[in-house]
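[1] Please find the sequence and the predicted model below.
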Amino acid sequence: MTDIQEAVAAIADELVGSGAERGLQVAAYVDQQPVVDVAAGVADAASGRPVRSGTLFSNWSIGKGATATLLHRLVDAGALGYETRVADVWPEFARHGKQAITVRQVLNHSAGVPGLPSDVTVESVCNWEAMVAALEDAQPWWEPGTKVGYHAYTFGHLVGEIVRRVRGRALGDVLDELTADIGRPGEIRFGIPAAEVGATVDLATLEDAPSDGDRSVGMPADLPMFRAVPPAIMPNAALGNDPRVIAADIPAGAKVTARALARLYAGWLGPVDGARLVSAERLGAASAESSSGTDQVFGNESRWGLGFALGLPWDDAGSPRVFGMAGAGGSWAGADPVRGVAVAVTRNVMGMDFTTVERMVRAILDAVDRG
């Protein structure tokens, strides 16, 4: 595996050189040891600012892995359990028949509350109190625990408010503890104050892939996906670059570096530098199937561990114990407990083509398989 860094770097340079990518990062650990840390291309096309290993990328749901980790660590600490009812720590959540929803159901996307108000705006999704109130007033789409559906935005505020209530601290402060523990302080962020961007924080600028277009054109307005992700807050480059979104705590996603996420997932697999991020029991909960079936929001077949999607984005059946999260725009981070591999790929060109992720991850897994 001595040439794995060079092989990944060569692929990254090829993708940037061909124009397929503007800027990207790839990082990987094998058996809790770092083996890849690649940064290529530019973080901002207008200025030509280069991507560095410490450049943050707004890569949407890829950050759910960090959000879920915060809750799993509370379970490790004995502060709550997977069968704890959300209303036990958040009493106002019990309205409209939600009193029996459990932490497990929140983590495996079977809670039944993926929807947002039809009049949601960028301002309201950036307002913590407004999102919490919307969840308190929400009515389940199905009997909790009986079906599965991706809680695209609501997952973040459900988990985030549980963590905030249990810890009694701002969610960003709890995340700061996590990033300090993995030795990458500030490299997984929810909100970033405007004054920090460009001053102390190097943040990549998003752009939409030329061929991606508006995928919602021609779709019926009453589709379940538009009730979970209304058009006003559909992830795209303009939304991700919006200063309000950059500054807000929206824990359904995060601003991340690949090296921090790879280190996070390596910590799931075992001790790194002598310290364990979560217990072996948490790893079992994350990587074992907890819910599955036809997604009630997006219509695809899905499999979930607790807080993490199972399988690789392009290969579910062949990698049953792989767990991680993809991000809108074609990023991914996750881990393979069988091979002992943790990988993260970030990009600033948003498209739903996962070819770059597949090439990078395959190159790393093939190198591990060859030994």
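    Sure thing, it's come through.
[2] Check which residues of stretch 39-49 are buried.
    Of the residues in stretch 39-49, those with enough neighbours to count as buried (16 or more other C-beta atoms under 10 Å) are 39-44, 49. Where C-beta positions appear, they are placed from N, C-alpha and C, glycine not excepted.
[3] Ok, stretch 255-271 next?
    By neighbour count, and taking 16+ other C-beta under 10 Å as the criterion, the buried residues in stretch 255-271 are 255-270.
[4] and the buried residues of stretch 39-49 as TSV, adding secondary structure and distance to Asp295?
    Listed next are the buried residues of stretch 39-49 as TSV, based on DSSP: H, G, I helix; E, B strand; the rest coil; distance: C-beta to C-beta, whole Å:
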residue	secondary structure	distance to Asp295
Ala39	strand	34
Ala40	strand	34
Gly41	strand	33
Val42	strand	36
Ala43	strand	33
Asp44	strand	35
Arg49	strand	38
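[5] Roughly how far does the nearest residue to Tyr82 once chain neighbours are set aside sit from Glu83?
    Spatial nearest neighbour of Tyr82, excluding adjacent residues (C-beta to C-beta, 6 or more residues apart in numbering): Arg104 at 4.1 Å. Look at Arg104 and Glu83: by C-beta to C-beta, to the nearest Å, they are 6 Å apart.
[6] Could you do Pro114 as well?
    21 Å.
[7] of the two, who's got more company?
    Neighbours were counted for Pro114 and for Glu83 using other C-beta atoms under 10 Å; Pro114 has more, 28 against 9.
[8] residue boundaries of the helices in the stretch 101-250 of the chain?
    Remark: helices assigned in the stretch 101-250 of the chain by DSSP state H, counting those that start in this stretch are 103-107, 122-125, 128-137, 154-167, 171-181, 224-228, 237-241, 243-247.
[9] For Leu203, which of those helices is the nearest?
    Closest of these to Leu203 is helix 243-247, at 7.1 Å (criterion: C-beta to C-beta).
[10] avg pLDDT for that closest one?
    Model confidence over helix 243-247 averages 98 on the pLDDT scale.
[11] Show me what that helix packs onto, helices and strands only.
    In terms of contacts (3 or more C-beta pairs under 8 Å, 6 or more residues apart in numbering; DSSP states H and E), helix 243-247 is packed against helix 122-125.
[12] what's the average pLDDT for the helix it packs on?
    98.
[13] Can you list the buried residues in the helix-or-strand element of the chain with minimal mean pLDDT?
    Least confident element among the helices and strands of the chain, by mean pLDDT, DSSP states H and E: helix 224-228 (a mean of 92). By neighbour count, with 16+ other C-beta under 10 Å as the criterion, the buried positions of helix 224-228 are 224-228.
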